[in-house]
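**Student:** Okay, predicted coordinates and the sequence, questions at the end:
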Amino acid sequence: MKTIIIILFVFLVGWSGCTEKNTTTISENIPPSVILSANPTTGYQPLTVSFHIDAEDSDGQIISSLIDFGDGTTGDETNTTHVYTYGSYTATVIVKDNQDAEARDSITIDVKNHAPSVAIQTNTTTAEAPLNISFTSIVSDLDGMITAWSWDFGDGTLAETSNTTHVFATPGQYTIKVTVTDNDGETATAKTDITVEPAKADWQITLKGATTVIVTRRQFEQLVDVYGQDWSDGDNTWHGVPLWHLIAIIDDKENGSNISLKDYTFNDKLADKGYTVKITAGDGFVITLRSQKTAHEDGYLVTNTVDGDVLPARTPRDRPSWPIHMRGDKAHQPYNIGNIITIELVGLNEGNSLLSYLLHMIQMIKEKMFNSYP
């Protein structure tokens, strides 16, 4: 019995020693760490961003890294660059170690769009009704293109083309607005003001000389645009064209049958020889001037506006004025005639004939007998 107990004790002690010798310890894996940096993180498109991955693994090694740029593309380099277009993006890096553990980091990239610019160009801003105006949009977009135009003419009508025309039928003030949109949805707006004046009453003046020319209101205004001058009487400013410019249109036939109101020259030789300039008003009032006095003389100004407005129908002394009135330094009484309807060259090509001179003197005496214009 003692022998069996001793054998069992020895067996148990031996088994226990074998068990202690075969025991091993297994440690837990530490996941990696990663930091994703970017420069710049905001700016205008196209924006080039540099990325840097800073990753480490304390108990192993990094075996892979991947950047998702947030726009559907990826990269696997530690240091890399990427070009972004307009928008906001989240770039994410994923790294894995040799134990297949991973770490992530993200950064936001904001890419701005250059807003477009627009300006309005017109062929006029003020005219009488009906006013037909051409509008041109002057646009630019640094990082894209203009994809849409929207015009508002201020009278309830719209247009959607880059350049357009519009007719304003009703007098008034209008604010025209155009809004442009670029390919990224950014907009820009420009405005301009248009003044549509009431339509002026039409009139005409007859020029008689070597040829006869009917000058309409619009044609006369064109002459004023080219040769216009101002004269002030101390209270008001009158605007018109010197008389000699009108005489030059009819003092010879330099243009043949194709009469132009702009392409002409004053005939100095004929003026030196002498003829009478006869100016007639609508009520029959007449004044005459010798050609030598009117040659290149700006003091006789045939005006069509005063202080920027059309002439009044009557003067303060109730004499006719509209549509054109002689004013100027030389147009003192009785030569400041209004409501002029005809300018005629009498005795043209006759020179200083006695008859022409007598006609002029008779007219001068008649003028002294009537009330002159104020």
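**Tutor:** Structure received.

**Student:** hey, let's count contacts and neighbours off CA atoms from now on
**Tutor:** Fine.

**Student:** Can you show me the helices along the stretch 201-350 of the chain?
**Tutor:** Using DSSP state H, counting those that start in this stretch, the helices of the stretch 201-350 of the chain run over 217-227, 243-250, 268-273, 291-294.

**Student:** could those helices go into JSON lines alongside distance to D68, mean pLDDT and mean neighbour count?
**Tutor:** Listed next are the helices of the stretch 201-350 of the chain as JSON lines, based on distance: least, Cα to Cα, whole Å; pLDDT from 0 to 100; neighbours: other Cα atoms under 10 Å:
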{"stretch": "helix 217-227", "distance to D68": "68", "mean pLDDT": "92", "mean neighbour count": "15"}
{"stretch": "helix 243-250", "distance to D68": "80", "mean pLDDT": "94", "mean neighbour count": "23"}
{"stretch": "helix 268-273", "distance to D68": "88", "mean pLDDT": "93", "mean neighbour count": "16"}
{"stretch": "helix 291-294", "distance to D68": "88", "mean pLDDT": "94", "mean neighbour count": "19"}
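
**Student:** I'd like those helices laid out as a markdown table, including distance to A91.
**Tutor:** Formatted as a markdown table, those follow (distance: least, Cα to Cα, whole Å):
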| stretch | distance to A91 |
| --- | --- |
| helix 217-227 | 65 |
| helix 243-250 | 77 |
| helix 268-273 | 86 |
| helix 291-294 | 86 |
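
**Student:** Of all those, which one is nearest N236?
**Tutor:** helix 217-227 (18.0 Å; Cα to Cα).

**Student:** the inter-axis angle of that closest one versus helix 243-250?
**Tutor:** Relative orientation of helix 217-227 with respect to helix 243-250: 120 degrees, computed using axes from the mean of the first three to the mean of the last three Cα atoms, to 10 degrees.

**Student:** CA atoms only: put helix 217-227 into PDB for me.
**Tutor:** C-alpha atoms of helix 217-227 as PDB (Å, rounded to 0.1, in the frame of the first residue of the first chain):
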ATOM      1  CA  ARG A 217     -36.100 118.100 -87.800                       C
ATOM      2  CA  ARG A 218     -34.000 115.000 -87.400                       C
ATOM      3  CA  GLN A 219     -31.600 116.200 -90.200                       C
ATOM      4  CA  PHE A 220     -31.300 119.500 -88.500                       C
ATOM      5  CA  GLU A 221     -30.500 117.800 -85.100                       C
ATOM      6  CA  GLN A 222     -27.800 115.800 -86.900                       C
ATOM      7  CA  LEU A 223     -26.300 119.000 -88.100                       C
ATOM      8  CA  VAL A 224     -26.400 120.400 -84.600                       C
ATOM      9  CA  ASP A 225     -24.700 117.200 -83.300                       C
ATOM     10  CA  VAL A 226     -21.800 117.900 -85.700                       C
ATOM     11  CA  TYR A 227     -21.500 121.700 -85.700                       C
END
